[in-house]
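# Using only what follows, build the 3D model:
(chains A and B)
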Amino acid sequence: MSGDREVVLARLRAGTARTAPPNLAHPAPPPTAAAPAPRFRLLDGDRPLAEVFAETAAAAGCTVHSGAVDVADLVDRLGVRTAVATTEPAVAALVDELWAAGVEIADAADRDAAATADLGVTGCRAAVAATGSVVVGSDVPGARWASLLPRVHLCVVAASQVVGAPGDVLRPLGHAGALPAALAFVTGPSRTGDIEQLLTRGVHGPVAVEVVLVPSG
Amino acid sequence: MSRFTIGDLPLRERTRAALADERLHENVGRAVDRFAAHRIEGLAELHDADGLRRAARAVRASVLADLPAIAERFADGVEAAGGQVHWAPDAGTAARQVLDICRRHRARSVVKSKSMATEEIGLNEVLEGDGLQVTETDLGEWIIQLAHQAPSHIIAPAVHHARRSIAALFAAAGRTDPGDDPEELNAYARARLRERFLAADVGVSGGNLGVASTGSILLVSNEGNARMCTSIPPVHVAVVGIERLVADWDQADLLLTLLTRSATGQRLSSYVSVLTGPGQGGPDELHVVLLDGGRSDLLGTELEEALACIRCGACLNVCPVYRQIGGHAYGWVYPGPIGAVLTPVLAAGQGDAADLPKASTLCGACMDACPVEIPLQDLLLSLRRRREVGAVERSAWQAWAAAWSRPAGYRATTRAATWTRFAGRLSVGGRELPRPPAGGRFRDRWKRGEV
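Prediction:
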């Protein structure tokens, strides 16, 4: 096995020791390790990022609730009887309201409960305005199940958590200390177009994503 | 028995069958038109998308120039995060390494998310040959698995199937409902595949990118099956081509932005996963198989830039040849322009792989669509130049070059060409000789003052 490592590295070194003939028809730019950050037209101007996020999240297929959410209505509309939730402080108030509305709630870290639950409730590490994404990490116990297995994913986002571009979350990763085992950018519900290119939701992840965007403070 | 037809039939036969298939043209045309249009919309949201593509080409070149160090750094990072790295010089070793991991865990069932690299190494056949149940979980891949076929498009592997044929496949797999409504077909797939996720012993994925600075794997999916394969089973194995590595997160950010917008026009796919080591509720073990499989042979050659490919499928979506013949006619894992370049190298010696660069009009649309500016047209020409030319053909080219290097020779051949008007309708290989113009040669009409 370590022999294989040396075989592969030796081949790679032999390859990089060769010099490829220059392409005269479409000359290559000089190799450059520095990668510029993409700039998004959606972020032009001075609009509050939370406002842009609300639009892009909706465009990605999320239902966005600005401020507060009518829990009883949501439970009724989505037919929620069971839910799993993380223990993040950001979701505590919502979890209380769900209890009050008669929903049975289990800990999101219970994967079996998450696999059969109607609703999964999480907070997030960040939200991305240019794409309408929420970012959840496995360092929050149960966040990966609650955002993937139940029929509906409900995510609480504080306005102060919204950043502009995916790079604002990704680029610092190399200097941020240990990463969670799994970080997920969730951009709308699960979707497939594999059958005749007709878009269908809910294969295999959640069929719907509800975002509760709360003002900061 | 391989699902790949490259060894069975010559290219000409494969394309002939595809050209006659109207259903294929409808399905492929609809899919590629949609993808191609969305790509333009997706890139339009970026300032200076072409500048980003140019920068991406430069970034990929710098990674390839430093690949040994980046590969070592990546492996160290994976191990520091608690994962295990297996280096695979060739396809056979890679498949065996995955099989050994499965055996060590006495695995019975494996779930897979879409990975072209695992197609290359014939992983499913190897695992199934050892008695393992292997389930493809990307819906399109599951469909073609049921059909015992190879994928026909990098992004939409089942693009060639209509709902009726999919319903038939599901019926053969145990679905009792009749009817072919796509919503119901999708619901069946969700229920059936979820059972497999929850029961699987090992999850196998590919990797869209490997980021060396943190030893992380970046995976992109719309369905969520990649997240499920890589977090539910107790063991996760990722098979990653050695050319998919990048040095750091700045590079990954740039390529990810270009990848999803070039592939389907999406700002981001529904799920982008960054996996760094096992644990935190996920798998107990994470294994990365780093596959060379012929890629190192391309380094330092005129074909090197083919390694920059991030497998977005944009070149397929604009290729006039792919549109007409679909993916299967290419005969191997990768179709379209990039397939015509990679197959002769990675599948060298199989069937008529060397002929694939002929399946191109050299229109250059692929180069214009490529997010990392791979000069595909130039690579296709390089491969064509390497083709062995028979003695008769070589003499014909030499004779032509000799004749047309001299004005007298040129005049003589154009005069001879006008004699075809005596030949009646003459066709060669299915193409008719053009008729000479009514007034004779241009030079004759010029002399007569008619033009």
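
# For the residue nearest in space to the middle of chain B, which non-adjacent residue is closest in space?
Nearest residue to the geometric centre of chain B (CA atoms, centre = their mean): B:Y334, 3.1 Å. What sits nearest to B:Y334 in space, not counting adjacent residues and going by CB to CB, 6 or more residues apart in numbering or on different chains, is B:L342, at 5.1 Å. C-beta here means a position set from N, CA and C on the backbone, and glycine is covered the same way.

# Residues contacting the helix or strand in which that neighbour is found, please?
Per DSSP states H and E: B:L342 is located in helix B:336-346. For helix B:336-346, the external contacting residues (CB atoms under 8 Å, 6 or more residues apart in numbering or on different chains) are B:6, B:120, B:154, B:293-295, B:297-298, B:303, B:306, B:309, B:311, B:313, B:315-316, B:319, B:322, B:327, B:330-334, B:353-354, B:356-357, B:359-360, B:366, B:374, B:376, B:379-380, B:383.

# could you dump it to PDB, C-alpha only?
Extracted in PDB, the C-alpha atoms of helix B:336-346 (Å, rounded to 0.1, in the frame of the first residue of the first chain):
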ATOM      1  CA  GLY B 336     -18.900  14.200 -25.900                       C
ATOM      2  CA  PRO B 337     -15.800  16.200 -26.700                       C
ATOM      3  CA  ILE B 338     -14.000  15.500 -23.400                       C
ATOM      4  CA  GLY B 339     -14.800  11.800 -23.900                       C
ATOM      5  CA  ALA B 340     -13.300  11.900 -27.400                       C
ATOM      6  CA  VAL B 341     -10.100  13.200 -25.800                       C
ATOM      7  CA  LEU B 342     -10.000  11.100 -22.600                       C
ATOM      8  CA  THR B 343     -11.100   7.700 -24.000                       C
ATOM      9  CA  PRO B 344      -8.200   7.200 -26.400                       C
ATOM     10  CA  VAL B 345      -5.800   7.800 -23.400                       C
ATOM     11  CA  LEU B 346      -7.500   6.300 -20.400                       C
END
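
# Give me the nearest residue to A:G61, chain neighbours excluded.
A:G61's closest residue in space is A:G188 (CB to CB, 6+ apart), at 3.8 Å.

# hmm, back to that, mind listing which of the contacts of helix B:336-346 are in helices?
B:E120, B:C315, B:L316, B:Y322, B:C366, B:L376, B:L379, B:L380, B:L383 (DSSP state H).

# what's the spacing between the second one and A:V121?
As for B:C315, its distance to A:V121 is 42 Å (criterion: CB to CB, to the nearest Å).

# cool, and the fourth one?
Here the criterion is CB to CB. By it, B:Y322 lies 45 Å from A:V121.

# just checking, what packs against the helix or strand of chain A with the lowest mean pLDDT?
Within chain A, no helix or strand scores below strand A:200-201, which has a mean of 83 by mean pLDDT, DSSP states H and E. Under the contact criterion of 3 or more CB pairs under 8 Å, 6 or more residues apart in numbering or on different chains; DSSP states H and E, strand A:200-201 touches strand A:191-192, helix B:182-199.

# B:R3: which element?
Under the criterion DSSP H and E, no helix or strand holds B:R3.

# Can you get me a residue count around the residue lying closest to it once chain neighbours are set aside?
Nearest residue to B:R3, sequence neighbours excluded (CB to CB, 6+ apart): B:A150, at 4.2 Å. B:A150: 20 surrounding residues under other CB atoms under 10 Å in any protein chain shown.

# List the contacts of B:A150.
Per CB under 8 Å, 6+ apart, neighbours of B:A150: B:R3, B:F4, B:T5, B:E119, B:I144, B:G327, B:H328, B:W332, B:V333.

# Distance-wise, check B:L316 relative to chain A.
Separation of B:L316 from chain A (CB to the nearest CB, to the nearest Å): 14 Å.

# so what's the nearest residue to that residue once chain neighbours are set aside scoring on pLDDT?
Spatial nearest neighbour of B:L316, excluding adjacent residues (CB to CB, 6+ apart): B:G336 at 3.5 Å. Confidence at B:G336, expressed as pLDDT, is 93.

# Likewise for B:G327?
On pLDDT, B:G327 comes in at 88.

# Next: B:L132.
97.

# How about B:V428?
Predicted confidence (pLDDT) for B:V428: 69.

# can you check A:L173 too?
As predicted, A:L173 sits at a pLDDT of 96.

# Give me the secondary structure label for it.
Judged by DSSP: H, G, I helix; E, B strand; the rest coil, the three-state class of A:L173 is helix.

# How many residues are close by it?
Using other CB under 10 Å, A:L173 has 21 neighbouring residues.

# and the gap between it and B:F35?
29 Å.

# What of B:G440?
49 Å.

# who's more crowded, these two?
Neighbours were tallied for B:G440 and for B:F35 using other CB under 10 Å; the higher tally belongs to B:F35 (25 against 16).

# How about the more buried one, nearest residue that isn't a chain neighbour?
With CB to CB, 6+ apart, the residue lying closest to B:F35 is B:N317, at 4.4 Å.

# How about the contacts made by that neighbour?
Taking CB under 8 Å, 6+ apart as the test, what B:N317 contacts is B:A31, B:V32, B:D33, B:F35, B:A36, B:R39, B:A369.

# What helix or strand is the first one located in?
If you go by DSSP H and E, B:A31 is part of helix B:22-44.

# what packs against that helix?
Here helix B:22-44 touches helix B:249-263, helix B:314-318, helix B:320-325, going by 3+ CB pairs under 8 Å, 6+ apart.

# quick one, helices of the stretch 1-150 of chain B?
Under the criterion DSSP state H, counting those that start in this stretch, the stretch 1-150 of chain B carries helices at the ranges B:11-19, B:22-44, B:49-65, B:67-80, B:91-104, B:116-120, B:123-129, B:139-146.

# At which residues are the helices of chain A located?
A:2-17, A:49-59, A:71-78, A:89-100, A:111-116, A:143-146, A:166-170.
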